[in-house]
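Participant: Any chance you could fold what I've pasted below:
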Amino acid sequence: MTASSKKLFVKTFGCQMNVYDSGRMADALAPAGFVRTETPDDADLIILNTCHIREKAAEKVYSEVGRMRGIKQARRGAGQETLIAVAGCVAQAEGEEIVRRAPVVDLVFGPQAYHRLPALVGRAQRGEAVVDTDFPAEDKFDHLPGASPERIRTAGPTAFLTIQEGCDKFCTFCVVPYTRGAEVSRPAAAIMDEARRLVELGTREITLLGQNVNAWHGAAPGGGEWGLGRLLHALAGIDGLERLRYTTSHPRDMDDELIAAHRDVPQLMPFLHLPVQSGCDRVLALMNRRHRRSDYLRLVDRIRKARPDIALSGDFIVGFPGEDEVDFEDTMELVRDVGYAQAFSFKYSPRPGTPGATMEDQVPDEVRGERLNRLQALLRHQQHNFNEGCVGTRLPVLLERPGRKVGQLVGRSPYLQPVNVDADAALLGEVIEVVIEEAGPNSLFGRLPQVRDEANPVVMESRF
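Facilitator: Numbering: from 1, shown residues only. A predicted model of the protein is given here:
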C-alpha cells in the first residue's frame, strides 16, 4: 500500500447484486487511491451498502451507523478523519431522512450514483453533507469502469456478473422499482469481456445477476439486440467457462429462446429460481404480478419438458393484504403440484411507499406467522426429499473453498447444494465427480470415487 492510499471498508447487506455492486464501488474509487480493508477500525471511508427487502431494513441501518459512529469519533480523537456513507436501496428510499436522523453520516447515495462516487466523496471530504438519490437519464452501465484486475483476481472459482438492473413490473409489495429504477440492460460486449477476463484468472462458474435478469435485452456486438438465451449461448463458447447460472427471474420474461437454452446449452446448470409469490389468482392480481396460477404451472411444464432434470427454486409471500385461508391453501396446493428443491418464503411486511402498504384487509401478524410456519414445513419436506434423492448418485461438483474440517473441501452441485467432500486442496477450482453418500437439511456429503463407473449416470431425473 502506498503512502497516499486510503482505506475503504464496505459492509454489504442483502442480495447478490449488492455484493457485486460493492465491488463496483471499490473499482470506481480505486483511481482516487482507495484500497479495500477487511475492518472498519482504521478505514478512511466506510460504506454501508444496504438492502430494503427485509423487514425493518432502515432501522437496522441506523443501528449499524450507531456502531460506526464510535469508530469515527475515536479516529477524530487521534487526528484522523473517517467518512461514513450509506449506499444502496435504503439510501435511495430514505434519502435526506438518513442525514436528519443520523448527522454522523457524511454521504448518502442510491444505486444509480455509483459511477459518480469519486466526485461525491470529494464533496464530502470538503465538508459538504451529500445526498444523491437522482435517477439520471444516462445509463449507469455506460459510465462504470470495467471490473478492476484486483477484484477479478479475487473472484475465485465462482463469480457474479451483473447484466441487468431495475424493474418495470411494479409488484405492489416491492420497493425495487422505486430504489433501483427502470429496467436497464448492459451491452453484450461488456458482459462478454468481463466474463473472459474472469475465466482467464480462474473462474469456472458465472452467475448472471439482475433484478429481472431474464428481461435482459442488450445491444449485440455486431448491432441489433440479443435476449438472454442468445447471450447464454455466446457465453458458453468461452473456453474454460464450465458453468452458467442466472438469477432472479420473472415468469413473464421466460421466452422460447431462453427455455430452449436450458435444453441446448450444457454449461447452463439445471437449476432455476422462478419466483411465483402466491398460488392464488386473486392474490396474484392484488400483487400486480400480471400472470395467473395456470400461466406459471404451464411454464413449469414447458421448462421441465425442455430440461427434465431441472430443479426449481421459488419465492413466496404469505399473508398479503386480503389473503384468506382459502387463498393460502391455493399456495400450498401449488407448492405440492410443482415440487421445489429449495425456496425462500416470508411473511408479508409492508414497505413504505408501495401500494400494498396502504391496502385494506391487512392480515394480522399472528395469522401470517402461522401460515408461514405451515408453508415452510412443506418446503422443508420437499427440500429434504430432493436432497435425499441425490444420495447414491454421482454429481459433478465445483470445489470452491476449504471446509470446516481439515482435509475437507466444499463445492456446489449442479443444483446449487453445498457438497462437503474430503479432497486435496489442489483440487480447488476443479469440477470433480462426487459420490453422494449422505444428505443433510441444507447440504450434501460425498466422497471421491475410486473407480469411475460410467454406468452410474451423473444426471438425475426430477425427484417430484
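
Participant: Mind picking out the helix or strand in this structure with the poorest mean pLDDT?
Facilitator: helix 149-153 (a mean of 49; mean pLDDT, DSSP states H and E).

Participant: Beyond it, next helix or strand please.
Facilitator: Sequence-wise, the next helix or strand downstream of helix 149-153 (DSSP states H and E) is strand 158-162.

Participant: got the contact list for that following strand?
Facilitator: Residues from elsewhere that reach strand 158-162 (C-beta atoms under 8 Å, 6 or more residues apart in numbering): 16-17, 19-21, 24, 152, 186, 191, 194-195, 198, 203-210, 398, 400, 412. Just so you know, the C-beta spots here come from the backbone N, C-alpha and C atoms, and that holds for glycine as well.

Participant: just checking, which of these belong to helices?
Facilitator: Among those, the members found in helices (DSSP state H) are 16, 17, 19, 20, 21, 24, 152, 191, 194, 195, 198.

Participant: how close does the third one sit to residue 355?
Facilitator: Just to be clear, that refers to residue 19. With the distance defined as C-beta to C-beta, to the nearest Å, residue 19 ends up 29 Å from residue 355.

Participant: The fourth one now?
Facilitator: Between residue 20 and residue 355 the computed distance is 29 Å (C-beta to C-beta).

Participant: Neighbour count for those two, which is higher?
Facilitator: It is residue 20, of residue 20 and residue 355, that has more neighbours when counted by other C-beta atoms under 10 Å, with 20 against 16.

Participant: The more buried one: what's it in contact with?
Facilitator: With C-beta under 8 Å, 6+ apart, residue 20 has these contacts: 160, 161, 162, 209.

Participant: Turn those residues into TSV, including pLDDT.
Facilitator: Listed next are the contacts of residue 20 as TSV, based on pLDDT from 0 to 100:
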residue	pLDDT
160	93
161	94
162	92
209	95
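
Participant: Just give me the closest of these to residue 447.
Facilitator: Of all the contacts of residue 20, residue 447 sits closest to residue 160, with 29.7 Å by C-beta to C-beta.

Participant: In space, what's closest to that closest one - neighbours in sequence excluded?
Facilitator: residue 20 (4.6 Å; C-beta to C-beta, 6 or more residues apart in numbering).

Participant: Next, find the distance separating the residue lying closest to residue 133 once chain neighbours are set aside from residue 124.
Facilitator: With sequence-adjacent residues excluded and distances taken as C-beta to C-beta, 6+ apart, residue 133 is closest to residue 110, at 4.3 Å. Look at residue 110 and residue 124: by C-beta to C-beta, they are 15 Å apart.

Participant: Pick out whichever of these two has more residues nearby.
Facilitator: Legend: neighbour count by other C-beta under 10 Å for residue 110 and residue 124, higher for residue 110 (24 against 20).

Participant: what about that one, distance to residue 322?
Facilitator: For residue 110, the distance to residue 322 (C-beta to C-beta) stands at 31 Å.
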